[in-house]
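# Model the structure of this input:
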Amino acid sequence: MEIKLPRYFKYVIILLGIFLAIWVLQTFKSILMPLAFALLIALLLLPFTRDLEKFRIPRALAIICSIVMVVIVLGLVIWFLSMQVMSLTSELDAIGKNFDALLMKVQDYLYHNFGIQPANKSELFRNTVGGLREISTTFVGSTISLTTGALTVITVVPIFVFCFLYYRDHLEQFMYKFVSKERRSSLNHTIDNIQLVAQSYISGLMIVIVIVSLLNSAGLLILGVKYAIFFGVFASILTIIPYIGIMIGALLPALFTLATTGHLIDAVLVVLVFMFVQFLEGNFITPYVVGSKVSINPFAAIVALLIGGEIWGAAGMIISIPMIAIMKVIFDAYEPLRPFGFLLADIDDIKDQKSGRFRKMFDKLREKAKRKRYEDEQETDL
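Below is the predicted model of the structure:
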């Protein structure tokens, strides 16, 4: 006999489940975070692996080839960025002198125009050195912790990706155990939608990064900024953190330009270049490349970024958008959770769906009217 619960009680249970899920994500971060990244990478590599298997390549070898391809691409990107950083550090002395001269100009301007006495140089130097010592200590500790965590992730994630792809049929049969045979078609549809969302987001994001890096580098080269390609690629990679990533990426080249040239207008022009590229990326590039597959409204995306950053830090911010898009697919497929899917949906997509339904209804009525008119004309001829 089925027990019917009040609707409000169901929603209370759902909210308690969400809070419990957040607690689990925070508590088992070291295990769940590599699993989440491995799942997304596995969904991205699944079509390529299937194509290799069609050529009678064993599944294990096809998966290894896919993983090696990803590792080579990431290795080349890391090698390029590291070489640029090493070249950039050779100019730190000149940058420090330029900042010192720029600071003197600012102090003279404040003194002559507002009567603000310049700070004592020895005191300023002592405070700066003390601050740098504290920052360097924190930075070294954070670097050791980050390096250890990165090595762990680099080692574990490929293993998880291999397992997801190799045992995908077994995992599919495992999910079938939770549903009846009549509902397996609906489950297959949901799984296909999840795979489509993940692949569309990740592959589209890679294309967006390439296009944005070309636009950033071209703009900086036109302005004559040194290391323009490095700054352009670095800022484009930060677009994986939606909305705020490219702004963080614009800060570094702006400060570098200000330090090397000493002119504020040059730094402002650099910021304007990144703002223009951000406008193109948000209004034309990303909507055209990614399309409406990841149809999350901006408010839900920002909340997801904050929650992801609070739970898993920078990695949580990176993975928050594709994960909330996958959650929306699950919410839309399960009747009690559909209000949450509606809450996450983009308003423009909802309007397009409604207009599409109205257009279909209008076409059916018009077709019916044509058929009725044709039948009346046939009867008149008889």
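# What would the helix or strand containing residue 327 look like as CSV? C-alpha coordinates only.
Here residue 327 sits within helix 314-333, counting by DSSP states H and E. Extracted in CSV, the C-alpha atoms of helix 314-333 (Å, rounded to 0.1, in the frame of the first residue of the first chain):
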residue,chain,number,x,y,z
ALA,A,314,38.8,27.2,-7.1
ALA,A,315,38.1,23.7,-8.3
GLY,A,316,34.5,24.0,-7.2
MET,A,317,34.1,27.2,-9.1
ILE,A,318,35.4,25.6,-12.3
ILE,A,319,33.2,22.5,-12.0
SER,A,320,30.1,24.3,-10.7
ILE,A,321,28.5,25.3,-14.0
PRO,A,322,28.5,21.9,-15.7
MET,A,323,27.5,20.2,-12.5
ILE,A,324,24.5,22.5,-12.0
ALA,A,325,23.5,21.9,-15.7
ILE,A,326,23.6,18.2,-15.0
MET,A,327,21.5,18.7,-11.9
LYS,A,328,18.9,20.6,-14.0
VAL,A,329,18.6,17.6,-16.4
ILE,A,330,18.0,15.3,-13.4
PHE,A,331,15.5,17.8,-11.9
ASP,A,332,13.6,18.0,-15.1
ALA,A,333,13.4,14.2,-15.4
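# Going forward, count from 429.
Got it, the first residue is 429 from now on, which makes the last one we talked about helix 742-761.
# ok, and for it, which residues are buried?
Neighbour-count burial for helix 742-761 flags 743-757, 759-761 (criterion: 16 or more other CB atoms under 10 Å). In short, each C-beta sits where N, CA and C put it, glycine included.
# Report all helices and strands that that helix contacts.
Applying 3 or more CB pairs under 8 Å, 6 or more residues apart in numbering; DSSP states H and E, one finds that helix 742-761 makes contact with helix 457-482, helix 612-651, helix 726-740, helix 766-772.
# Next, work out how far apart residue 589 and residue 770 are.
As judged by CB to CB, to the nearest Å, residue 589 and residue 770 stand 33 Å apart.
# go on, residue 633?
According to CB to CB, residue 633 stands 25 Å off from residue 770.
# So which of these two has more stuff around it?
Shown here are residue 633 and residue 770; by other CB atoms under 10 Å, residue 633 has more neighbours (20 against 12).
# is it true that the more buried one touches residue 666?
No - assessed by CB atoms under 8 Å, residue 633 is found out of contact with residue 666, at 11.8 Å.
# so what's in contact with these two at the same time?
Counting by CB atoms under 8 Å, 6 or more residues apart in numbering, no residue touches both residue 633 and residue 666.
# Nearest residue to the middle of this structure?
Centroid-nearest residue in the chain: residue 668, 3.7 Å away (criterion: CA atoms, centre = their mean).
# Show the pLDDT at that residue.
Per-residue pLDDT puts residue 668 at 72.
# what do you get for residue 494?
On pLDDT, residue 494 comes in at 92.
# any idea how far it is from residue 605?
From residue 494 over to residue 605 (counting by CB to CB), the distance is 28 Å.
# next one: residue 668
Residue 668 is 35 Å from residue 605, by CB to CB.
# Could you do residue 503 as well?
Counting by CB to CB, the gap from residue 503 to residue 605 is 40 Å.
# more neighbours, the two?
residue 503 (10 against 6).
# Next, the buried residues of the helix or strand harbouring that one.
Here residue 503 sits within helix 487-517, counting by DSSP H and E. Buried positions in helix 487-517, judged by neighbour count with 16+ other CB under 10 Å: 487, 490, 491, 492, 494, 495, 498, 512, 516.
# and the angle for it with helix 457-482?
With axes from the mean of the first three to the mean of the last three CA atoms, to 10 degrees as the basis, helix 487-517 and helix 457-482 are set at 120 degrees to each other.
# What is helix 487-517 packed up against?
helix 457-482, helix 549-594, helix 656-665.
# residues in contact with the next helix or strand after the second one?
So that's helix 549-594. Downstream of helix 549-594, the first helix or strand assigned by DSSP H and E is helix 596-604. Residues from elsewhere that reach helix 596-604, judged by CB under 8 Å, 6+ apart: 470, 474, 592, 612, 615, 619.
# Same check on stretch 455-474?
By CB under 8 Å, 6+ apart, stretch 455-474 touches 452-453, 491, 494-495, 498, 580-581, 584-586, 588-589, 592-593, 596, 622-623, 626-627, 630-631, 739-740, 743-744, 747, 750-751.
# and if we set it to 6 Å?
Contacts with stretch 455-474, where a contact means CB atoms under 6 Å, 6 or more residues apart in numbering, come from 453, 494, 581, 584-585, 588-589, 592-593, 623, 626-627, 630, 740, 743, 747, 750.
# And stretch 667-678, by the same measure?
So stretch 667-678 is contacted by 640, 662, 663, 666, 699, 702, 706, 745, 746, 749 (CB under 6 Å, 6+ apart).
# ditto for stretch 693-705
For stretch 693-705, contacts defined as CB under 6 Å, 6+ apart pick out 643, 644, 647, 651, 678, 681, 682, 685, 686.
# before we move on, what about stretch 729-747?
With contact meaning CB under 6 Å, 6+ apart, stretch 729-747 is reached by 453, 454, 457, 461, 464, 668, 669, 748, 752.
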